[in-house]
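Chemist: everything below, folded, please.
(chains A and B)
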2 protein chains.
Amino acid sequence: MKATAKAYSNIAFIKYWGKTDEYLRLPANSSVSMNLDSLYTTTTVEFSRNLKSDEITLDGTKLDNGPGRISTHLDRVRALAGIDTRARVSTQNNFPASTGLASSASGFAALTLAAAKAAELNLSEKELSILARLGSGSACRSIPAGFVEWSKGGSSESSHAVSLFGPDHWNIADAVAVVSRGAKTTGSTAGQKLAASSPFFRARLESVGKKIDNIKKYLAEKDFTAFGELLESEALELHAIALTSTPALIYWQPETLALIKLVQQWRNRGLECYFTIDAGPNVHIFTEGKNRDALVAKLKEIDGVENVIANRPGKGAESIDTHLF
Amino acid sequence: MKATAKAYSNIAFIKYWGKTDEYLRLPANSSVSMNLDSLYTTTTVEFSRNLKSDEITLDGTKLDNGPGRISTHLDRVRALAGIDTRARVSTQNNFPASTGLASSASGFAALTLAAAKAAELNLSEKELSILARLGSGSACRSIPAGFVEWSKGGSSESSHAVSLFGPDHWNIADAVAVVSRGAKTTGSTAGQKLAASSPFFRARLESVGKKIDNIKKYLAEKDFTAFGELLESEALELHAIALTSTPALIYWQPETLALIKLVQQWRNRGLECYFTIDAGPNVHIFTEGKNRDALVAKLKEIDGVENVIANRPGKGAESIDTHLF
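Modeler: Here you go, the predicted model:
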């Protein structure tokens, strides 16, 4: 009744923003993402009859504010397994939580896989993705490997992610520039709820299907320029929706904008790179594998960039043999 | 055949962005603005039979790149007056041109009035506003006094500005924070042409009429909080349209975003102020008259703010007795 799993964070090329069902976390639109091999969560779950309540340790610190999102997620696994045993959960991110690095995606993916294994459930990738989605929407995309599509579906059973291409399909890199004025003022769960308050949200939903088709085409063709241009326009569209929500969500910091301008400048000077930005101030900068080191070196020189994390396409969530620990 | 006029720049509360007729400069939507008493252009026009071509001096520098927008505008006045005499034009801004401080608004308003007077045309305010609009759209709003509405109209004759309230109606101030990384990369004329490429432009046009009604109501009631909240959401909407145009228009600089965040912070701490931003990096910050000096003092301490220009509601365009010069 004990298992360990590792799952990678992911960055969306076409964003998940807005839900049609808050409880089931059904998204307003499909999304496409890539797993990030340098940003991951490792989680161990042990169901034990000796426990009176779930015991959760996050990055070495025991959480004791009662049943929360993690216990609620364990309840889903217990319901599927027909058990009511409490669990000891130990989870570690290899990056700081709540810096906009999507720790909830890798976190809920790793928790889902570890808990399912510990409960001796034999779930398919599809079932794991659906289960992870119930914990945190974008976590469903961290179950399959490499380049991933989350089809919005029309029900809980049909809304899950699949791998479009494995991590070795295309040698591109995502250098994440972590902006020092970190912590978001509005988390993405709260922000998503405001999406529909934007007068532009409906128009976005009308055009996002075409974007999904296009990004899949560019991924298949490995057309980096077309991919990059769509990546940027989609990121700006997400932030246009956020800026026009009520209340307005301004996720950018001055450093975010400085990085956007630098990316444009570097590109004009021959280093082909493109940005995308999630609901936070950090900037993800994509380049082809051959330019990765040059890009990272440039980013490390920028004032206001606290850390640069270079990623290649990551694997899917995986069980870890605990005998190794 | 010589006259001098002075006209004030203006800042739009509800923005002019996108045209339905490029040549006639008919706007896609109505707009509402305030004249700015500290930002003005003074222009002298003299028609003279001794001239072979128009002679134009801008801030002391003679322009000699052939007939341009100013000569084209003089042609309109000549056509109305039935003359073909060339003109000597001398124009001075009390602020640097092309810093996003709307020099074309005050410039074409002053040129229109001075040229019409010099040509001995006896035009009504409405006729002057229409004529100024043909030179530069927002210039039509610098003809009437104080708080101004430009009704989009459906033809050249019906698209002009009128004063909603005189400058003494409401004691509010606009502190313009001029951002040092100045000059725009895309001028507003070029930017406006891209408005319709935003997938959100149609949705904007559907809702802007309601905004016009609301801002007029808040101006009438002098409801500063409601006014300020609408001011900000409209500014963010303009920039959301710009960000989602193809190509994307990113008018903000890092300092722009720093100022946005400061305005929110100052407001939370009790200094009630709200921002608006035109197609450029400068930030216009509105506060009630009583808080003007406190706001200006704070702005002057900010790194990256090159200059702070405090404005009260300005008069309309006016003839100047040249004997005074």
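
Chemist: quick check: bridge partners of A:Val179?
Modeler: Listed by DSSP bridges, the beta-bridge partners for A:Val179 are A:Val305.

Chemist: ok, it touching A:Asp278?
Modeler: No: with contact defined as C-beta atoms under 8 Å, A:Val179 does not count as touching A:Asp278 (11.9 Å). C-beta coordinates here come from the backbone N, C-alpha and C atoms, glycine included.

Chemist: residue contacts, the residue lying closest to A:Lys52 once chain neighbours are set aside?
Modeler: Closest residue in space to A:Lys52, ignoring its immediate chain neighbours: A:Arg86 at 6.5 Å, by C-beta to C-beta, 6 or more residues apart in numbering or on different chains. Shown in contact with A:Arg86 (C-beta atoms under 8 Å, 6 or more residues apart in numbering or on different chains): A:Phe47, A:Ser48, A:Leu51, A:Lys52, A:Ser53, A:Asp54, A:Glu55.

Chemist: same thing but 10 Å
Modeler: A:46-55, A:71, A:74, A:78 (C-beta atoms under 10 Å, 6 or more residues apart in numbering or on different chains).

Chemist: try A:Phe275
Modeler: A:Phe275 neighbours (C-beta under 10 Å, 6+ apart): A:177, A:228, A:231-232, A:235-236, A:256, A:259-260, A:262-264, A:267, A:283-286.

Chemist: filter those residues down to the ones near chain B?
Modeler: A:Glu232, A:Ala235, A:Leu236, A:Thr256, A:Leu259, A:Ile260, A:Gln264 (C-beta under 10 Å from any C-beta of the partner chain).

Chemist: which among those gets closest to chain B?
Modeler: The closest of the ones next to chain B among the contacts of A:Phe275 to chain B turns out to be A:Leu236 (C-beta to the nearest C-beta; 4.4 Å).

Chemist: related to what we said a few turns ago, in strands, which of the ones next to chain B among the contacts of A:Phe275 appear?
Modeler: Among those, DSSP state E puts none in strands.

Chemist: most neighbours, which of those?
Modeler: Neighbour counts for the ones next to chain B among the contacts of A:Phe275 (other C-beta atoms under 10 Å in any protein chain shown) peak at A:Leu259, which has 26 neighbours.

Chemist: how about that one: what's its closest non-neighbour residue?
Modeler: Closest to A:Leu259 by C-beta to C-beta, 6+ apart is A:Val283, at 4.3 Å.

Chemist: again with A:Leu299
Modeler: A:Val308 is the one closest to A:Leu299 (C-beta to C-beta, 6+ apart), at 4.6 Å.

Chemist: so the one you found belongs to a strand, correct?
Modeler: Yes: judged by DSSP: H, G, I helix; E, B strand; the rest coil, A:Val308 forms part of a strand.

Chemist: so it versus chain B, what's the distance?
Modeler: Here the distance between A:Val308 and chain B works out to 18 Å (C-beta to the nearest C-beta, to the nearest Å).

Chemist: what residues does the stretch 101-250 of chain A put near chain B?
Modeler: Counting by C-beta under 10 Å from any C-beta, the stretch 101-250 of chain A comes close to chain B at A:181, A:185, A:198-204, A:206-208, A:229, A:232-250.

Chemist: what about those residues, which are in helices?
Modeler: A:201-204, A:206-208, A:229, A:232-243 (DSSP state H).

Chemist: before we move on, back to that, would you check that the residue nearest to A:Leu299 makes contact with A:Val176?
Modeler: Yes: the criterion here is C-beta atoms under 10 Å, and A:Val308 meets it with A:Val176 at 6.9 Å.

Chemist: anything in contact with each of these two?
Modeler: A:Ile285, A:Leu299.

Chemist: between the two, which has more neighbouring residues?
Modeler: Set A:Val308 next to A:Val176 and count neighbours by other C-beta under 10 Å: A:Val176 wins out with 26 against 18.

Chemist: for A:Ala195, what are its contacts?
Modeler: Residues in contact with A:Ala195 (C-beta under 10 Å, 6+ apart) are A:Trp17, A:Gly18, A:Lys19, A:Ala28, A:Phe201, A:Arg204, A:Leu205, A:Leu238, A:Ile241, A:Ala242, A:Ser245, A:Leu249.

Chemist: quick one: the third one from A:Ser159, how far?
Modeler: Plainly put, A:Lys19 is 10 Å away from A:Ser159 if you go by C-beta to C-beta, to the nearest Å.

Chemist: between these two, which contacts overlap?
Modeler: A:Arg25, A:Leu26, A:Pro27, A:Gly137, A:Lys152.

Chemist: checking my notes, A:Ser163 in a helix, right?
Modeler: No: A:Ser163 is assigned strand when assessed by three-state DSSP, not a helix.

Chemist: wait, doesn't it sit right on A:Lys126?
Modeler: No: with contact defined as C-beta under 10 Å, A:Ser163 does not reach A:Lys126; the gap is 11.2 Å.

Chemist: need the overlap of contacts for these two.
Modeler: A:Ile143, A:Pro144.

Chemist: related to what we said a few turns ago, return the subset of the shared contacts of A:Lys19 and A:Ser159 lying in strands.
Modeler: A:Leu26, A:Pro27.

Chemist: adding pLDDT and neighbour count, write the shared contacts of A:Lys19 and A:Ser159 out as a markdown table.
Modeler: Listed next are the shared contacts of A:Lys19 and A:Ser159 as a markdown table, based on pLDDT from 0 to 100; neighbours: other C-beta atoms under 10 Å in any protein chain shown:
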| residue | pLDDT | neighbour count |
| --- | --- | --- |
| A:Arg25 | 96 | 22 |
| A:Leu26 | 97 | 18 |
| A:Pro27 | 97 | 24 |
| A:Gly137 | 96 | 25 |
| A:Lys152 | 97 | 19 |
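
Chemist: A:Leu121 touches A:Glu127, doesn't it?
Modeler: Yes: the pair A:Leu121 / A:Glu127 is scored as a contact, 8.3 Å apart, by C-beta under 10 Å.

Chemist: overlap of the contact sets of these two?
Modeler: Common neighbours of A:Leu121 and A:Glu127 (C-beta under 10 Å, 6+ apart) are A:Leu80.

Chemist: pLDDT wise, what is the residue nearest to A:Leu259 at?
Modeler: Looking at A:Val283, its pLDDT reads 97.

Chemist: the helices in chain A, which residues?
Modeler: A:69-81, A:103-118, A:125-135, A:188-193, A:201-221, A:224-243, A:254-268, A:292-300.

Chemist: any buried residues in the helix or strand bottoming out on mean pLDDT in chain A, and which?
Modeler: Within chain A, no helix or strand scores below helix A:188-193, which has a mean of 85 by mean pLDDT, DSSP states H and E. Within helix A:188-193, the residues scored as buried using 16 or more other C-beta atoms under 10 Å in any protein chain shown are A:Ser188, A:Gly191, A:Gln192.

Chemist: and of those residues, the nearest to B:Ala12?
Modeler: Of all the buried residues of helix A:188-193, B:Ala12 sits closest to A:Gly191, with 28.5 Å by C-beta to C-beta.

Chemist: that closest one touches A:Ala279, doesn't it?
Modeler: Yes: between A:Gly191 and A:Ala279 there is a contact at 5.1 Å, judged by C-beta under 10 Å.

Chemist: now the common contact residues for those two.
Modeler: A:Trp17, A:Lys184, A:Leu238, A:Ala242, A:Leu249, A:Tyr251.

Chemist: between those residues, which is closest to A:Ser106?
Modeler: Top of the list for closeness to A:Ser106, among those and by C-beta to C-beta, is A:Lys184 at 17.1 Å.

Chemist: what's around the nearest residue in space to A:Ile320 that is not next to it in sequence, how many residues?
Modeler: Nearest residue to A:Ile320, sequence neighbours excluded (C-beta to C-beta, 6+ apart): A:Thr4, at 4.3 Å. Around A:Thr4 sit 22 other residues, with neighbours defined as other C-beta under 10 Å.

Chemist: residues contacting A:Thr4?
Modeler: A:42-46, A:90, A:110, A:113-114, A:117-118, A:318-322, A:324-325.

Chemist: can you rerun that using 8 Å?
Modeler: A:Thr42, A:Thr43, A:Thr44, A:Val45, A:Ala114, A:Ser319, A:Ile320, A:Asp321, A:Thr322, A:Phe325.
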